[in-house]
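[1] Sequence plus predicted model, see below.
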There are 2 protein chains.
Amino acid sequence: MVSTVKRFLIGKPLKSTELGEQKLTKTKALAILSSDALSSVAYGPEQILLVLVTIGSIALWYSIPIAIGILILLTALILSYRQIIFAYSHGGGAYVVSRENLGAKPGLIAGGSLLVDYILTVAVSVSAGADAITSAFPALHDWKVAIAVVFVIFITVLNLRGITESASVLAYPVYLFVLALLILIGTGLYQIVTGAVPSDLHASIGTPVAGISLFLLLKAFTSGSSALTGVEAISNAIPNFKDPAPNNAAKTLTAMGIILAILFSGITYIAYYFGVTPSETETVVSQIASETFGRNWMYYFVQGTTALILILAANTGYSAFPLLAVNLSKDKYLPRMFNNRGNRLVYSNGILTLAVAAILLIIVFNGNTEHLIPLYAVGVFIPFTLSQTGMMLKWLKEKPTGWVSKFTVNTFGAFICFIVTMMFIITKFAQVWPVFIFLPIIVSFFYKIRKHYDTVGEQLRVSADEDVPEIEGNIIIVPVSGITRVVEHSLNYAKSLHASQIIAVYVGFDRESIITFEEKWKKLHPDVRIVTLYSYYRNIVGPLGKFVDLVSHKAEQSHYSVTVVIPQFIPKKGWHNMLHNQMSLMVREFLLHKKNVIVSTVPYRLKK
Amino acid sequence: MVSTVKRFLIGKPLKSTELGEQKLTKTKALAILSSDALSSVAYGPEQILLVLVTIGSIALWYSIPIAIGILILLTALILSYRQIIFAYSHGGGAYVVSRENLGAKPGLIAGGSLLVDYILTVAVSVSAGADAITSAFPALHDWKVAIAVVFVIFITVLNLRGITESASVLAYPVYLFVLALLILIGTGLYQIVTGAVPSDLHASIGTPVAGISLFLLLKAFTSGSSALTGVEAISNAIPNFKDPAPNNAAKTLTAMGIILAILFSGITYIAYYFGVTPSETETVVSQIASETFGRNWMYYFVQGTTALILILAANTGYSAFPLLAVNLSKDKYLPRMFNNRGNRLVYSNGILTLAVAAILLIIVFNGNTEHLIPLYAVGVFIPFTLSQTGMMLKWLKEKPTGWVSKFTVNTFGAFICFIVTMMFIITKFAQVWPVFIFLPIIVSFFYKIRKHYDTVGEQLRVSADEDVPEIEGNIIIVPVSGITRVVEHSLNYAKSLHASQIIAVYVGFDRESIITFEEKWKKLHPDVRIVTLYSYYRNIVGPLGKFVDLVSHKAEQSHYSVTVVIPQFIPKKGWHNMLHNQMSLMVREFLLHKKNVIVSTVPYRLKK
């Protein structure tokens, strides 16, 4: 039943040899890996204007130089990540770069903050989508959290079905969004060029503004640069590309950078030219669209695709998180299970962990995850800074041909990213402080996991010079609860093992039943030694455990092994299990975990 | 940790030999077993008046003859249950009486409806208590369900601590309630006798009333008789009494009957004499108390103890439900676990089942359980009718000395109970119909459980003429995942068992790793046969299962047993389990439940 539902939801299992067919073309990769970055265009320019408008609408012209600054930062990031893609072509992005060049701890800081970040991306973008829906249909307001959770489950199932399948579904909305914004920008520019828009709606560039400060400009720049989150996703997901993976990934990254640059600068410029002022009730994109088109179907096309891409931004997390987890797990900083491919060849454990964490966040914050945005921006700029610094050191160490220009790009990028990170911390400390709590916790957890795997590895290694001790003989203990076919069955098995000694053990709750049982047993099995134990507190595990201790203590001295043979009913129907005391289960778990004995479970299948 | 919390909540375990000290004196038994019946006085008389007042306040005098009718019914029930207590002194009440004299099905109907009834008692009385509290403190209104659940948990813990302990705590409020009502009735009667109350507040008995009908009078009688629920509890709980249990139980029952009769008739008479009309906003008891005392401390004493006993009515369910479950479980109609005494010698599984079911009811009905009351009254009168009919047949069959009067009592009782049951069904069908759905379901479930136990018993019985087949030899399969100390350890164990054959099995995900492993293995263990399996779908269980099938099929033909030896890591700390793939656990459960092999789990303790 479970497997039928599973197959219906995620499709039939794929063979390992089909992995090649599960790789992404550049077009599909661009769609699923850039949705996070591209969706930022919907709110990035607005973030800049929101800071500037605090001085007055006259200050809005500063959005142009700030946008140019952000384009420069974007260029630096794209160039730098192209270098990362070629240098670290197995994926892992900022984590691998930082670990290789700066050491384990910076690597883990980068990896840890990106992991948390992808969880935040999913929670924030899906909550935003649920918000949009409940704003449009207020009757659904009480169901906001439920709607968000359903979205997460939907995207999760889609991703569990495999990368190519989710990419095929998600490509449409992403490209439609790009198309919609390109039409919007093109129409806007045409109107500007043809003079259809009055040119006095905005203060001209260079107009002096009273009260402007470097701090404010940096703050606006920082807010705008939150549009750059998601740029690193491709460098994590290189293994998902068709061969030659690094080339394809680099080309995809460049394409994404160009699209992002066009959309970002286009929206910013038109907003400036149209004199759009950010408003509480209408987004900047909506204002531009309604001024350009009026409220016709094109307006709704822009708005609809924008809403859709805000939700699908979550999907970038689904592509990047599992692969980052694989890299951390290969280095033994995360549980090994993140390295297993599921039925559909995706890293299902990573996908499911991401989904559960995002759902928990949504529920804990009751769907109001907006104030997590700064946290999530700072969580991207920390690894940005670390990876660029790592690349600087790499070039300094290796000095390949033309390293000076590469070094310059990374130094410049590292510097701006560092400034942005500090600005986030200074200007939004009230929202970003949790980063200083959870990053150390996560990193120390990474170390703990690594330490465990290392010590286990040591303990398990077979070395030639030391032998695993031989077992000289076996003692078998058979707990019996009565004289039934199940007991006979187990006893037969015990006898067939040629053990050195077989001991049957009976635990009774009162003296009479013990005596009666002993007599019966001696008549039926005179050859098997019976030990009876009296339980004061009507529990079986306690006295049995003590007896096992006694036996195994003696056995150890003479290098004997102790095996406890436990019969277990296997009823015909699942619900029948409820009708039996499950004593064998409890005894088995207790003995395995608390005592040093081998537990042999002999199934007894009920036929009716 | 868990065991510390458990000990703190319910106290230290008791030895089986201490059972005698856990028996109840008559005084304590009266307190915990009569709380349900006595609490009915708080609403029983009101129920009669509510029906009569629909004709007009002139009809209220009919409450006197109706109360006399109910007293007669009460007397019949008490006399009849005294006879049941002596005849069936191991408890079980209506269930045992009906089963013995009428057959299994009527017995199960009686038992099933009482089980459901005790769950309803708990849910209804605790919800009523939570209602009283949230009416007094409206700020708590949103927490009604939570408060009710906390009450249930509190009573549950108290009962898990043992019968004597809960009785010691609960005796005070019950006796205080009885005291409060006796003072109220005494004072009221004194005022009537001394003429302090005008005698024209009520229509005199016999005043002709227009529009009165037999149907209406029967309906009033039926509503009033809901005060008799709980009378059967003592007959279920005889084993909890100190020796001589039947005598003590019978005396307690008589005492309860007398107190119930005095309180019921007293309240009804004073309500009649004072001309109290039932009101939406104030209970009848509250009206009487405020007329008698004014709103002084005595008034609040009556109100407070009344509220308390309404909650504690739940406790009767806690005493009777587990013992009824024991009786059903002894007859194999309920899972065996209901027959186990817990740490404190109470039947903890019964107590916990009752608590969970009541909490679910409270949550499902969102704390509004009032409309379950008729359901719960009919659920008592069905077993009343059945048990009285059973006693009739018993006397007819056995004809002991003086059987005619006993037979008459039971016939009379059976007749009235039957009428009341029919009246409930006719007048309140809208509320009692679920009884016709769930009773058949419960009874058929009882039969299913019984059938399972019977067929299991047959299958397990050891008969002299047929032998359990001998095992001629053993094949041991050791799944290996690499060359580690864990594998060496398991292999050593397998070798020590002198098996006919040992086969190591390796499941690989790609051809190269399989070849490499095979070569390594042959160098290290040239004496142990290695079988390698290639898994297309990256799962281990599937290919291993198929191989096990193959081996066990061959083994069966030559009466060989097949044992799969599975190593299991036991890490030092619990959370470390998360870091391992838990493959051994999955393989073990799969093989035990799906394949016919013995599974030997060899623990490997990690030292660090």
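    Yes, it's here.
[2] Doesn't residue A:563 lie inside a strand?
    Yes. Counting by DSSP: H, G, I helix; E, B strand; the rest coil, one finds residue A:563 located in a strand.
[3] For burial, what's the neighbour tally of it?
    As a burial measure, residue A:563 scores 24 neighbours (other C-beta atoms under 10 Å in any protein chain shown). Any C-beta I mention is one placed from the backbone N, CA and C, and that applies to glycine too.
[4] thinking it is in contact with residue B:598, fair?
    No. Residue A:563 is not in contact with residue B:598 according to C-beta atoms under 8 Å; the separation is 10.8 Å.
[5] ok, which stretches of chain A are strands?
    A:473-480, A:501-508, A:529-534, A:560-570, A:598-605 (DSSP state E).
[6] Mean pLDDT added to those strands, as CSV?
    CSV is the format used below for the strands of chain A (pLDDT from 0 to 100):
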stretch, mean pLDDT
strand A:473-480, 91
strand A:501-508, 92
strand A:529-534, 92
strand A:560-570, 88
strand A:598-605, 88
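[7] so what's in contact with residue A:563 and residue B:598 at the same time?
    Residues within reach of residue A:563 and of residue B:598 at once, by C-beta atoms under 8 Å, 6 or more residues apart in numbering or on different chains, are residue A:600.
[8] The strands of chain A: which one's closest to chain B?
    strand A:598-605 (4.3 Å; C-beta to the nearest C-beta).
[9] What pairs with the closest one, parallel or antiparallel?
    strand A:560-570 (parallel), strand B:598-605 (antiparallel) (DSSP bridges).
[10] coming back round to it: can you list the strands of chain A in JSON lines and add distance to residue A:310?
    Formatted as JSON lines, those follow (distance: least, C-beta to C-beta, whole Å):
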{"stretch": "strand A:473-480", "distance to residue A:310": "61"}
{"stretch": "strand A:501-508", "distance to residue A:310": "64"}
{"stretch": "strand A:529-534", "distance to residue A:310": "67"}
{"stretch": "strand A:560-570", "distance to residue A:310": "52"}
{"stretch": "strand A:598-605", "distance to residue A:310": "53"}
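[11] quick one, which of the ones you listed is nearest to residue A:257?
    Taking C-beta to C-beta, strand A:598-605 is the member of the strands of chain A nearest to residue A:257, at 59.7 Å.
[12] Residues in contact with the closest one: which ones?
    A:485-486, A:489-490, A:493, A:561-570, A:584, A:588, A:591-592, B:493, B:563, B:588, B:592-593, B:596-603.
[13] Now the buried members of those.
    Neighbour-count burial within the contacts of strand A:598-605 applies to A:485-486, A:489-490, A:493, A:561-569, A:584, A:588, A:591-592, B:493, B:563, B:588, B:592, B:596-603; the criterion is 16 or more other C-beta atoms under 10 Å in any protein chain shown.
[14] What's the separation between the nearest residue to residue A:153 once chain neighbours are set aside and residue A:314?
    Excluding the flanking residues, the one nearest residue A:153 by C-beta to C-beta, 6 or more residues apart in numbering or on different chains is residue A:355, at 7.2 Å. Note on residue A:355: its distance to residue A:314, by C-beta to C-beta, to the nearest Å, is 10 Å.
[15] ok, the two, which is more surrounded?
    The neighbour count for residue A:355 versus residue A:314, taken as other C-beta under 10 Å, is higher for residue A:314 (29 against 24).
[16] ok now do the nearest residue to residue A:333 once chain neighbours are set aside, which residues does it touch?
    Nearest residue to residue A:333 in three dimensions, chain neighbours excluded: residue A:446, at 4.1 Å (C-beta to C-beta, 6+ apart). Contact analysis of residue A:446 by C-beta under 8 Å, 6+ apart lists A:108, A:111, A:112, A:328, A:333, A:334.
[17] Considering those residues, which possesses the most neighbours?
    Of all the contacts of residue A:446, the highest neighbour tally under other C-beta under 10 Å goes to residue A:111, namely 30 neighbours.
[18] Look up the pLDDT of that residue for me, please.
    pLDDT, residue A:111: 94.
[19] What of residue A:581?
    pLDDT recorded at residue A:581 is 63.
[20] how is chain A carved up into domains?
    The record's domain split for chain A, according to automatic domain parsing, is A:2-13+A:22-453, A:473-605.
[21] ranking these by burial, who's on top?
    With neighbours taken as mean count of other C-beta atoms under 10 Å in any protein chain shown, the domains of chain A reach their highest mean count in domain A:2-13+A:22-453, at a mean of 20.
[22] Relative to chain B, how far out is the residue nearest to residue A:333?
    12 Å (C-beta to the nearest C-beta, to the nearest Å).
[23] How about the residue nearest the centre of chain A, nearest residue that isn't a chain neighbour?
    Centroid-nearest residue in chain A, with C-alpha atoms, centre = their mean: residue A:354, separated by 3.5 Å. Distances taken as C-beta to C-beta, 6+ apart place residue A:321 nearest to residue A:354, at 4.6 Å, with adjacent residues excluded.
[24] With residue A:116 instead?
    With C-beta to C-beta, 6+ apart, the residue lying closest to residue A:116 is residue A:379, at 5.8 Å.
[25] any idea of the pLDDT on the one you found?
    pLDDT at residue A:379 comes out at 86.
[26] what do you get for residue A:277?
    Reading off the model, residue A:277 has pLDDT 89.
[27] The stretch 251-400 of chain A against chain B: which residues are in contact?
    A:335, A:336, A:337, A:340, A:341, A:343 (C-beta under 8 Å from any C-beta of the partner chain).
[28] OK, contacts around residue A:85?
    Here residue A:85 is in contact with A:234, A:235, A:238, A:246, A:249, A:250, A:253 (C-beta under 8 Å, 6+ apart).
[29] which among the residues you listed gets closest to chain B?
    Using C-beta to the nearest C-beta, residue A:238 comes nearest to chain B of the contacts of residue A:85, at 21.1 Å.
[30] show me the contacts for that closest one.
    With C-beta under 8 Å, 6+ apart, residue A:238 has these contacts: A:85, A:89, A:90, A:91, A:245, A:246, A:249.
[31] So which of the residues you listed belong to helices?
    Members of the contacts of residue A:238 lying in helices (criterion: DSSP state H): A:85, A:245, A:246, A:249.
[32] in the stretch 251-400 of chain A, what residue is nearest chain B?
    residue A:335 (4.8 Å).
[33] Could you find the closest non-adjacent residue to that residue?
    residue B:579 (4.8 Å).
[34] so what pLDDT did the residue of the stretch 51-200 of chain A found nearest chain B get?
    Per C-beta to the nearest C-beta, residue A:162 is where the stretch 51-200 of chain A lies closest to chain B, at 13.6 Å. Listed pLDDT for residue A:162 reads 84.
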